[in-house]
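In: need a 3D model of the sequence below.
(2 chains)
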Amino acid sequence: MLEHTYIDEAPEAAPAVTAIRTSKPVKTAVAGPWRLMWAKFARNKVAIVAGVIILLLYLIGLFAEFLAPALPDTARPQFTNAPPQELRLFATDAEGNSQFQLHVTGYTMTVDQASLRRSYVIDDAQVVPVGLFVKGAPYKLWGVIPSDVHLIGPLKSSDTMYLMGTDKLGRDLFSRLIHGTRISMSIGLIGVTISLFLGVILGSISGFYGGWVDLVIQRVIEVISSMPTIPLWLGLAAAIPLSWSPITVYFVITLIVSLFGWTGLAREVRGRFFALRSEDFVTAARLDGSSERRLIFRHILPSLTSHILAVVTLALPTMIVAETALSFLGIGLKAPVVSWGVLLQDAQNVRTIATAPWLLIWPSAAVVITVLAYNFLGDGLRDAADPYES
Amino acid sequence: MLSYVIKRLIYMIPTLFGMSLIAFAIIQLPPGDYVTSMLASMADSGQNVDPAQLDALRQSYGFNDPMWLQYFKWISGILLRGDFGYSFEWNRPVAELIWERMGSTLAISLASLVFVWAVSLPIGIYSAMRRHSVGDYGFTLLGFIGLAIPNFIMALVLMYFSYKYMGQSVGGLFSPEYVEAPWSWGKFLDLLAHLWIPIIVIGTNGTAALIRILRANLTDELNKPYVVTARAKGLPEYKAVIKYPVRIALNPFVSAIGWVLPELISGVTITAIVLNLPTAGPLLLRALISQDMYLAGSFILLMGVLTLVGMLISDILLALLDPRIRFN
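Out: Got it, this is the predicted structure:
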């Protein structure tokens, strides 16, 4: 047997070459996965802009009462279907001097004698002064804090300031849109939370255990995802009794929308579970004696979080559109609740749209901008969460 | 191949069963039954109602049976006799009402599918070959907007434009003078003049999605060694692209039937309600609002079955095209 012999007594204890600067150890930059993802995400300017828009929309929804110049239900019958008034910065007074004065221009109303229809013409000569933080209609913020300060509004409360026009009852569309933001955006958020819960639980069970559990859950997903969604939503929403309170209807609609939104998420989670189940770190944890619950929740799910986040962001707009479509058709949310879909209900036929196009334009713009922003944000998140894409 | 088709057919059975359960649940969901609503309308018109008579009515409709028996009666009626139940609002059997509407739903869905294919194929190839060009970015942006605008909003906008700038009679499939007329060249042209709005509205979402998929697939394929070899050997560019890579990248076009079809049928439903087309959509909505549940449930069931058949066809076509699927 070959004896192993050292040349010296023992292997060298110190490096042969003396380091030049021993006092200052080389510092390695360390960044965790979240930080790497953030760095990657921050390079995507479109996604950042989309994220800011989404954030702004939620802030608008949160402070709806303060931001809206009027209450959503205040109707002025003398101003029905009035066109939008433009917000301007400089006003010209009688002597022709232009000076800074936030204002909108007033209307002159003419009544068509034949049809007795009112038509409004924007009259540049009429200046309606507008101010910030004005006192207006009293409200309770979040139903708790009483106040009457509005971010923007006419200085004289009898004046009109309809930045986006009015509807057929003479209600301010701008204020209604802001209040609708709260309902529409929150429906998406609550709906996606329910979907997330269902999708993650069922997807993980399906992907982790496999076998007949997987088979059953996959069948259920297949049934649900192969039903055309709109007829299905219609069928379920139509069963909501008319006597239910608006808040109950709100939650039931959210539930209906989310009951069919979880399948995509469950599929995604299941696929990832299948891939991760055989990874070394999972095997190691199992051999260490981790329980199954610990395996799922401590080891596998955390490595899915970023993907789930991206998928959820991409699922959110679907929910918002679903609510909008149902309310538009008259079997979702109903007045007095104000959502974007409820607003669009007023723009159901060509004649209304022709006389008051703003009833279609502004609520649609809100929906489209939201959906676009969510899509860009979700794409950005997905790219950032993918470690293999540079 | 045959065994694949048979296996695929057997897989469909539990899915069909699940769908029928959902449709039946929707039928049963509204509180009360038809007799309750009949009672309400009779009381409204001031008629006296005899409770015993009502009970007899319930008995004859089978409303007092246990749930599973009601389901069994309903589904066996459909399967054995093609009997979908009775529409209480129209006072006619449901089967008489649905077929024509389902036919037009299918026709418009298929027309939209053809539109989706016809538009996304050239754009997808162009975008993949000229990646990051102005045209590619333009189409990507258009695609994003197409994905972001919900069907019914786009229908409203197009309806408004066509009303304002073309003076076209909007909604429906025919101008008033052609509705009852027999088929002729003029009627056909009139149909096309009306059909473009729903087809664009319904097809845009799917087109945008398919362009993205085709672009991604073709880009992967174009970087493969065999394409490089083909080019190096001097094959003309169009041949090096069209003959092999495009054919491989076309698989999603076929599998698209499976996932685009539910979207299309879903889209037809809401678009038809907005544009007032004679498809299943408006009738379904009306049936749901008046709680004419057998009619509504049959529509929902049939729409589900339609998408399932679409998926079956797409799977079979895919297996024919792609031996990797057939032999696995």
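
In: buried residues, stretch A:240-258. List them.
Out: For stretch A:240-258, burial by neighbour count (16 or more other Cβ atoms under 10 Å in any protein chain shown) applies to A:240, A:249-250, A:252-254, A:256-258. For glycine as for every other residue, the C-beta is placed from the backbone atoms N, C-alpha and C.

In: ok, residue 261 - contacts?
Out: By default, I'm working from chain A. Neighbouring residues of A:G261 by Cβ atoms under 8 Å, 6 or more residues apart in numbering or on different chains: A:191-192, A:195, A:315, A:318-319, A:322.

In: ah, no, chain B please
Out: In this structure, B:L261 makes contact with B:109, B:113, B:306-307, B:310-311, B:314, judged by Cβ under 8 Å, 6+ apart.

In: out of these, who's nearest B:P198?
Out: Ranked by distance to B:P198 (Cβ to Cβ), these are led by B:S109 at 10.2 Å.

In: who's in contact with the closest one?
Out: B:S109 sits next to B:202, B:261, B:264-265, B:268, B:306 when contact means Cβ under 8 Å, 6+ apart.

In: which helix or strand lies directly C-terminal to the helix or strand containing it?
Out: Secondary structure assigned from DSSP states H and E places B:S109 in helix B:94-129. Next along the chain after helix B:94-129, taking DSSP H and E as the criterion, comes helix B:134-148.

In: and the angle for that next one with helix B:94-129?
Out: 150 degrees (axes from the mean of the first three to the mean of the last three Cα atoms, to 10 degrees).

In: packing partners for helix B:134-148?
Out: helix A:358-385, helix B:94-129, helix B:185-222 (3 or more Cβ pairs under 8 Å, 6 or more residues apart in numbering or on different chains; DSSP states H and E).

In: give me the residues contacting that helix.
Out: Identification of contacts with helix B:134-148 by Cβ under 8 Å, 6+ apart yields A:317, A:368, A:371-372, A:375-376, B:123, B:126-127, B:130, B:204-205, B:207-209, B:211-212, B:215.

In: A:L301 and A:I205 touch, don't they?
Out: No - look at A:L301 against A:I205 with Cβ atoms under 8 Å: they stay out of range, at 12.0 Å.

In: gap between the residue of the stretch 151-300 of chain B found nearest chain A and B:I26?
Out: Here the stretch 151-300 of chain B gets closest to chain A at one residue, B:L288, 3.6 Å apart by Cβ to the nearest Cβ. B:L288 sits 9 Å away from B:I26, going by Cβ to Cβ, to the nearest Å.

In: shared neighbours, those two?
Out: Residues within reach of B:L288 and of B:I26 at once, by Cβ under 8 Å, 6+ apart, are A:235, B:296.

In: hmm, back to that, and of the helices and strands packed on helix B:134-148, who's closest to A:T229?
Out: Nearest to A:T229, of all these, is helix B:185-222, at 12.2 Å by Cβ to Cβ.

In: quick one: mean pLDDT over the closest one.
Out: Mean pLDDT, computed over helix B:185-222, is 82.

In: got the CA coordinates for the next helix or strand after it in PDB?
Out: The C-terminal neighbour of helix B:185-222 among helices and strands, as given by DSSP H and E, is helix B:225-232. As requested, the backbone C-alpha atoms of helix B:225-232 are provided in PDB (Å, rounded to 0.1, in the frame of the first residue of the first chain):
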ATOM      1  CA  PRO B 225     -29.400  25.500 -37.200                       C
ATOM      2  CA  TYR B 226     -31.500  24.000 -40.000                       C
ATOM      3  CA  VAL B 227     -32.700  27.400 -41.000                       C
ATOM      4  CA  VAL B 228     -29.100  28.700 -41.000                       C
ATOM      5  CA  THR B 229     -28.100  25.700 -43.100                       C
ATOM      6  CA  ALA B 230     -30.900  26.300 -45.500                       C
ATOM      7  CA  ARG B 231     -29.800  30.000 -45.900                       C
ATOM      8  CA  ALA B 232     -26.200  29.000 -46.200                       C
END
